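K.L.:
task: produce atomic coordinates for the following.
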Amino acid sequence: MLRLSFLVCVALPVLLWSAYLFGVAEDQYHSELAFSIRSEEIASAAAGILGAITQVSGGVANDAEIVNEYISSRAIVEEVDAEVDLAGIYRKPAFDPVFSLGGDSRIEDLTDFWNRVVHVSYENRSGIINIRTVAFTPEDARRINEAILSSSNALVNRLSEQARQDAIRYAAIDLDEAEANLRQQRQQLADFRAQYHIVDPEADVAGQLGVLTALQSELAQALVERDMLLTYVSEDDQRVVQATRRIDAITARIAEERTNLGIGGEGVNIADVVGEYEGLRTDLEFAAAAYTQALTNLALARAEGRRQARYLAVHIPPTLAQESLYPQRWLLIGLAGAFLAMAWGIAMIVYYNIRDSR
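P.N.:
Below you'll find the predicted structure:
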């Protein structure tokens, strides 16, 4: 009983599977392909300090990961099928239902079959994508890999073009915003000058302070002259009276000049006016620097747009196989035998446990 069940459940299926692999299954050939995505780094030295402060980096998916996902997608299956007729290539065997494509296959079935015959591996550290494609002739396998390479290169070019357009568009938006801000700061400075009827408060205050300093010096000299007169004449002397009048006039002028430092009339503090002017001037200088930087960034974006920032670097071009390595018949027979033997052993254990428990 045990021997018969083993022969029926394990030996016979493995024998039939071996007969199919060696007698029916067609030889398959593989083609290797390896490439990576390279991108030129944009020099940031011209961006300056302001660019380093205002730069915002956005996370983007790695180009190689995008291409890796693309190679396993329905989109590339449709593109490659239109170029090399995948259905015709994988229906070549007259009778091989296990390893060939079925007769009535939709795009979904073709995509599933594609992922069986096109093996993609991605090395995270180096960014290299390795592709091994299997077909029933060496030429077909290489043709499919060449089509994969062409479609991947077209995708990289589209990604690069989109990145260039986005960079120019965002740089143009930044320039418009910087220009609008610069116009606004200039208008605010013009409104300030119209309000206080002064072009440069700092220069005006410096001039008034110069006048005040000269008056104070003249007042000090007049006081000394009067004191000298009082050493040998009385206070009723005409010369002392004139000196006192001169001192009073200078003192009144100094008081008036100090009042005039409150630019614009009463209730206006000179410190507040000068502080407001300095703030407006600083904002204008910053806006002008930001506008210059935005203009530079737009020029850099347009310059980068004239050259290819991303490109596909081929490390191993599509190869042409010299001998068939697939299907791996002995490996498939061994796996089938091991699986059937394990299933048979589990079934026997369950069977004898149930029988002994009765």
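K.L.:
spell out the residue ranges of the strands in this protein.
P.N.:
Applying DSSP state E to the chain gives strands spanning 29-39, 118-122, 128-135, 310-316.
K.L.:
please name the nearest non-neighbouring residue to residue 132.
P.N.:
Once flanking residues are discounted, residue 132 sits nearest to residue 119: 4.6 Å by C-beta to C-beta, 6 or more residues apart in numbering. In this view, the C-beta of every residue, glycine as well, is placed from N, C-alpha and C.
K.L.:
neighbours around that neighbour, how many?
P.N.:
Residue 119 has 13 neighbouring residues, counting by other C-beta atoms under 10 Å.
K.L.:
quick one: contacts for it?
P.N.:
131-134 (C-beta atoms under 8 Å, 6 or more residues apart in numbering).
K.L.:
ok, so of those residues, who is nearest residue 77?
P.N.:
Using C-beta to C-beta, residue 133 comes nearest to residue 77 of these, at 12.5 Å.
K.L.:
isn't that closest one right up against residue 144?
P.N.:
Yes - at 4.9 Å, residue 133 counts as touching residue 144 under the criterion of C-beta atoms under 8 Å.
K.L.:
who wins for most neighbours among the contacts of residue 119?
P.N.:
When neighbours are taken as other C-beta under 10 Å, the top entry among these is residue 133 (26 neighbours).
K.L.:
which strand residues bridge it?
P.N.:
Counting by DSSP bridges, residue 133 is bridged to residue 31, residue 118.
K.L.:
need the contact list for it.
P.N.:
Residue 133 sits next to 30-31, 33, 117-119, 141, 144-145, 148 when contact means C-beta under 8 Å, 6+ apart.
K.L.:
closest to residue 214 out of the contacts of residue 119?
P.N.:
residue 131 (88.4 Å).
K.L.:
hang on, that closest one packs against residue 72?
P.N.:
No - counting by C-beta under 8 Å, residue 131 sits too far from residue 72 to count as a contact (10.3 Å).
K.L.:
residues shared between the contacts of these two?
P.N.:
The contact lists of residue 131 and residue 72 share 118, 120, where a contact means C-beta under 8 Å, 6+ apart.
K.L.:
residue 326 contacts residue 28, doesn't it?
P.N.:
Yes - between residue 326 and residue 28 there is a contact at 3.8 Å, judged by C-beta under 8 Å.
K.L.:
joint contacts of those two?
P.N.:
Residues touching both residue 326 and residue 28 (C-beta under 8 Å, 6+ apart): residue 134.
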